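> the sequence and its predicted three-dimensional model are supplied below.
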Amino acid sequence: MKKKSKKSHSKNIFKKIFVVILFFICLFISVYSVAKIRKWLKDNKDINETINKINDITDINEIDDEEDVEYIDDEKELSKDSLYWYFVNMPLIDVDLKKLKQENNDTIGWIKVNGTNVNYPFVQTNDNSYYLNHSFDKTKNDAGWVFADYRNDFDILNKNNIIYAHGRLDNTMFGTLKKTLDKKWYTNKDNNVIRVSTEKNNTSWQIFSIYHIPTTNDYIKTFFENNSSFTSFLDTIKNRSIHNFNVNLNENDKILTLSTCYNKKEKLVIHAKLIKIDKK
């Protein structure tokens, strides 16, 4: 009977070690994946409980235009069939933020995007990172919350007013904004208005650009050196749109930008121009 060679014996030991290492790697991945799934489910549960609590204490009212409502019209003579008239005739929303501010003093407004689940209060703090992993109640949560760029002032409104949130797979936060890429969504004119209510004003914004793009910071500028740089910026973001919304833009406009994740390497972005404001 032939004896096994030392070389064969060593090879068998190596195989056994490799199998053991592979086993522990698979075990680690499995445990890690289960932990991540459990965390994701818990975050979802906590977020939905928070949303339900918010809805219980909040009244969202559609309001008729008062005499002092300002219509932002950049054209002196608009044709009667212009969609502008359709959009400005949509009612504003008015939300009393007092109870929400008692729950979270970072609350500065409420945003509603027609045809999506986006119907939330939004917050603001002194950076753009805290609410990436904290919920409305300020507890740790990877779902985060809807928040305004720390550089913006939603009381006076800047040239580019930015709101962020995660694109959650459970359709919370900005998860349903992916609907805006569907032709059925963006060709339905009822969906093309975003409404915002803050302590100082109620506003309507007409969508003029929707796109997804490899992650970049060029669309989240809040400062522009001059009118020329702003109009150049408007041209850039308008030309990226997957659909031509036939909206005229100029140097006097103020815009709203919504930013969320499209996938791990891309962002989904929506831009809208201010068309109506009612100061409280």
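Perfect, thanks for sending it. What you are looking at is a predicted structure, and each value in this text was computed from that prediction instead of being measured.
> can we go C-alpha only for contacts and neighbour counts from here?
OK.
> what separation do you get for the closest residue to N126 other than its chain neighbours and D127?
Leaving aside its chain neighbours, N126 sits nearest to Y150 (5.3 Å; criterion: C-alpha to C-alpha, 6 or more residues apart in numbering). Using C-alpha to C-alpha, to the nearest Å, Y150 is found at 5 Å from D127.
> next, count neighbours for A165.
For A165, the count of nearby residues is 22 (other C-alpha atoms under 10 Å).
> how about the contacts made by it?
L132, G144, W145, V146, F147, M173, F174, S259, T260 (C-alpha atoms under 8 Å, 6 or more residues apart in numbering).
> T116: which of the residues you listed is nearest?
Nearest to T116 among those: F174, at 8.7 Å, using C-alpha to C-alpha.
> for the stretch 151-280 of the chain, which segments count as helices?
Under the criterion DSSP state H, counting those that start in this stretch, the stretch 151-280 of the chain contains helices at 183-186, 227-239.
> so which of those helices is nearest K273?
helix 227-239 (10.3 Å).
> mean confidence (pLDDT) on the closest one, please.
Taken as a whole, helix 227-239 has a mean pLDDT of 97.
> okay, it in CSV with CA atoms only?
Extracted C-alpha coordinates of helix 227-239, given in CSV (Å, rounded to 0.1, in the frame of the first residue of the first chain):
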residue,chain,number,x,y,z
ASN,A,227,-27.2,87.3,-13.0
SER,A,228,-25.2,85.8,-15.9
SER,A,229,-23.9,82.9,-13.7
PHE,A,230,-27.4,82.3,-12.5
THR,A,231,-29.0,82.2,-16.0
SER,A,232,-26.2,79.9,-17.2
PHE,A,233,-27.0,77.7,-14.2
LEU,A,234,-30.7,77.7,-15.2
ASP,A,235,-29.8,76.7,-18.8
THR,A,236,-27.7,73.8,-17.6
ILE,A,237,-30.3,72.2,-15.3
LYS,A,238,-33.1,72.9,-17.7
ASN,A,239,-31.3,71.2,-20.6
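> report the distance from it to the chain centre.
Here helix 227-239 is found 21 Å from its chain centre; the criterion is C-alpha atoms, centre = their mean, to the nearest Å.
> burial count for K101?
So K101, with other C-alpha under 10 Å, has 15 neighbours.
> what comes up buried for the helix or strand hosting it?
K101 belongs to helix 98-103 when assigned by DSSP states H and E. By neighbour count on 16 or more other C-alpha atoms under 10 Å, the buried set for helix 98-103 is L100.
> please apply the same query to stretch 252-266.
D253, K254, I255, L256, T257, L258, S259, T260, C261, Y262.
> could you do stretch 152-159 as well?
N152, F154, N158, K159.
> can you give me phi and psi for the last one?
Going back to what we said before, that points to K159. phi -70, psi -40 (degrees, to the nearest 10).
> can you name the residues that contact it?
By C-alpha under 8 Å, 6+ apart, the neighbours of K159 are T222, F223, D253, K254, I255.
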